[in-house]
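*Asks:* fold the following for me, if possible:
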Amino acid sequence: MNTTITPDRLLGRVAFITGAGGDIGGAIAVRAAADGATVVVSDLATTSDRLSATADACRAAGARDVHLCPLDVTDEVAVAEAVSDVVASVGPPDAIVTSAGYQGAFTPMPGYPVADLRTVLEVNVVGTFTVVQACAAALIAAERPGSVVVVASMAGVSGAPNMAAYSASKAAVLGLCRSAAKDLAPAGIRVNAVSPAFIGPGAMWDRQVELQASTPSPYYADTAEEVAAQMIGMVPLRRYGSVQEVASVVGFLLSDDASYLTGTNTEISGGSA
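*Replies:* As a prediction, the model looks like this:
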């Protein structure tokens, strides 16, 4: 795999990354730090230990400046205030990544709890919308261009069994990306998406394997070991991807190397559809 660091690629940029306490969001933050950005890492206040660990990893990667921003992305007022604070302290965020997300329950659609569906949509769709909207407003006010990467999922491209809410939410994120790309292009703000498939190792991979195994389904076996093998068997490259491989693609999309890309979705899937 080629995840070569380019230390000056995001030099002078302010990277604002939500979900930075998670596996993928944390790797994206570290990559942005290594690429030279001032980094603002954000996640729920309840993830403070993981967020601090991400900040430490960013510093170890050579970050010039790291700021922690506890935040609930579903709170529109809190998001606006957080972005305003970022603008006041380090400038408008011009390398934005929305990685905050919630997988939700693993249940076949007929019995899926509607309350959980609402939570999934609030975090994954409303949360993405509020962050992109607030950051775009800050950039437009400052008359500065920028780049946004929304983290979607292959579940939103092809649908995943037992994950109707998550699949629907990530499909909505892809629609939001394409629409926002058109709305924000006149301001010089690019908006692209990435759709990871099976990414590991880590908490998200473990949770997905275990819950698919424990959910009655014609698609997966009943043990985590068998499910893991089935998932890997679906991938033409016969392995899961790494969080660093996701971060590498995101780093490219944030940078001027991708200056003529907007409204795209990059499938980070090892060839699986």
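
*Asks:* distance of residue 39 from residue 131?
*Replies:* To residue 131, residue 39 is 15 Å away according to C-beta to C-beta, to the nearest Å. Just so you know, the C-beta spots here come from the backbone N, C-alpha and C atoms, and that holds for glycine as well.

*Asks:* same deal with residue 47?
*Replies:* With C-beta to C-beta as the criterion, residue 47 and residue 131 are 16 Å apart.

*Asks:* same thing with residue 219?
*Replies:* Using C-beta to C-beta, we find residue 219 at a distance of 33 Å from residue 131.

*Asks:* who's more crowded, the two?
*Replies:* Between residue 219 and residue 131, residue 131 has the larger neighbour count (other C-beta atoms under 10 Å), namely 29 against 11.

*Asks:* where does the more buried one land in three-state SS?
*Replies:* At residue 131, secondary structure determined by DSSP: H, G, I helix; E, B strand; the rest coil is helix.

*Asks:* check contacts around the spatially most central residue of the chain.
*Replies:* Centroid-nearest residue in the chain: residue 99, 2.4 Å away (criterion: C-alpha atoms, centre = their mean). Counting by C-beta atoms under 8 Å, 6 or more residues apart in numbering, residue 99 touches 17-20, 22, 24-25, 28, 151.

*Asks:* so how far is residue 190 from residue 222?
*Replies:* The gap separating residue 222 from residue 190 is 45 Å, by C-beta to C-beta.

*Asks:* which of the two has more neighbours?
*Replies:* residue 190 (23 against 12).

*Asks:* leaving out sequence neighbours, find the closest residue to the more buried one.
*Replies:* Spatial nearest neighbour of residue 190, excluding adjacent residues (C-beta to C-beta, 6 or more residues apart in numbering): residue 262 at 4.0 Å.

*Asks:* over to residue 204?
*Replies:* Residue 204 sits nearest to residue 23 (C-beta to C-beta, 6+ apart), 5.8 Å away.

*Asks:* ok, the one you found touching residue 203?
*Replies:* Yes. Counting by C-beta atoms under 8 Å, residue 23 does reach residue 203; the two are 6.1 Å apart.

*Asks:* higher neighbour count, these two?
*Replies:* The neighbour comparison of residue 23 against residue 203 (other C-beta under 10 Å) goes to residue 23, with 20 against 11.

*Asks:* what are the phi and psi values at that one?
*Replies:* When read as degrees, to the nearest 10, the backbone of residue 23 gives phi -60, psi -50.

*Asks:* wait, what's in contact with it?
*Replies:* Residues near residue 23 by C-beta under 8 Å, 6+ apart: 199, 202-204, 243.

*Asks:* apply 7 Å and report the result again.
*Replies:* Contacts for residue 23 (C-beta atoms under 7 Å, 6 or more residues apart in numbering) come out as 202-204, 243.

*Asks:* buried among those? Make that a PyMOL selection.
*Replies:* Buried subset of the contacts of residue 23, written as a PyMOL selection, criterion 16 or more other C-beta atoms under 10 Å:
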select buried, resi 202+204+243
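
*Asks:* what sits up against stretch 150-166?
*Replies:* Under the contact criterion C-beta under 7 Å, 6+ apart, stretch 150-166 has outside partners 24, 97-99, 101, 103-104, 106-109, 112, 116-117, 120, 128, 132, 167, 170-171, 173-174, 176-177, 193-197, 212, 215, 217, 219, 265, 267, 269, 272-273.
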